[in-house]
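**Student:** structure for the following, please:
(chains A and B)
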Amino acid sequence: MSVEIRSSGQTVTAYLSGELDHHTAREMREAIDGAVELNMPSTLVLNFKNISFMDSSGIGLVMGRYRNISKTGGELHITGASPQIYKVMKLAGLERLAKLEGNY
Amino acid sequence: MQVNNKFTMNVLAKSANESFARACVAAFASQLDPTLEEIGDIKTAVSEAVTNCIVHAYKEKIGKIYISGELCEGNILRIKIRDTGCGIENVEKAMEPLYTTVGGERAGLGFAVMQSFMDTVKVRSKIGKGTSIVMVKKISPRYGVNA
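**Tutor:** Got it, this is the predicted structure:
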């Protein structure tokens, strides 16, 4: 599990990798929140390209980041989710909270 | 229903064992030659059930999670995940989407994911005794009989 943060202008992108479950979610959450607090972006992008597995703990992580970025009027984008991860996101209705970018 | 193969295992209810448990069940299920999507569904459902044991059943201690699987006639996978934790007071309520009894960032979607990704999910629980979840999924046959 790892999180690589890149910041450019008003956008912070978190490149997530590994498996996202209850065991790994906290560390990912702390890394993302630290970068958001530091950079105050208007757009937070969560890149799931290198996430090989995600259960509903990932839904909690996305919903929590949505709540945080919304407080300052920012937007949440999600990119690179695999069809299986997209299936979990769709079940939770995440497309109503964040822009899901990709071909599904 | 004829059982062609089965396994049993138990793990400590530690979050580090979530990935181990779902990988074991996926490896066992692979004997039925599932698609990538079916394997993904099984891993996700198992992960939810095991996480429930860790987060809800054993709040104050690290108990054991008992996992068993059967490959049955007709390409059917049957998984049982059981704990001896606190039990669920109202199973029907617990299975409602977005319902959660813990704070933090739990989405309350564990049972919804299990129900969506498996064919059937049955939950039995007794306060103070524990909970058992039985999940069944029929794997689409691709190359004839393979169980």
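
**Student:** what is the neighbour count of residue B:62?
**Tutor:** A count of nearby residues for residue B:62, using other CB atoms under 10 Å in any protein chain shown, gives 10. Backbone N, C-alpha and C define where each C-beta goes, glycine included.

**Student:** hang on, I meant residue A:72
**Tutor:** The burial count for residue A:72: 10, using other CB under 10 Å.

**Student:** got it, and residue B:128?
**Tutor:** Other residues near residue B:128 number 8, with proximity taken as other CB under 10 Å.

**Student:** wasn't it part of a helix?
**Tutor:** No. Going by DSSP: H, G, I helix; E, B strand; the rest coil, the assignment for residue B:128 is coil, not a helix.

**Student:** pLDDT at it, what is it?
**Tutor:** At residue B:128, the model reports a pLDDT of 95.

**Student:** before we move on, what about residue B:143?
**Tutor:** pLDDT for residue B:143: 62.

**Student:** swap in residue A:1?
**Tutor:** What the model reports for residue A:1 is a pLDDT of 80.

**Student:** list the contacts of it.
**Tutor:** By CB atoms under 8 Å, 6 or more residues apart in numbering or on different chains, the contact set of residue A:1 is A:17-20, A:24, A:27-28.

**Student:** list buried residues within those residues.
**Tutor:** Using 16 or more other CB atoms under 10 Å in any protein chain shown as the burial test, these include A:17-20, A:24, A:28 as buried.

**Student:** ok, the residue positioned nearest the centre of chain A to chain B distance?
**Tutor:** In chain A, the centroid-proximal residue (CA atoms, centre = their mean) is residue A:46; its distance is 3.4 Å. Residue A:46 is 14 Å from chain B, where distance means CB to the nearest CB, to the nearest Å.

**Student:** got the contact list for the strand ranked longest in chain A?
**Tutor:** In chain A, taking DSSP state E as the definition, the longest strand is strand A:43-54. With contacts defined as CB under 8 Å, 6+ apart, strand A:43-54 is touched by A:10-21, A:32, A:36, A:58, A:62, A:65, A:69, A:74-82, A:84-85, A:88, A:98, B:19, B:22, B:40, B:43-44, B:47.
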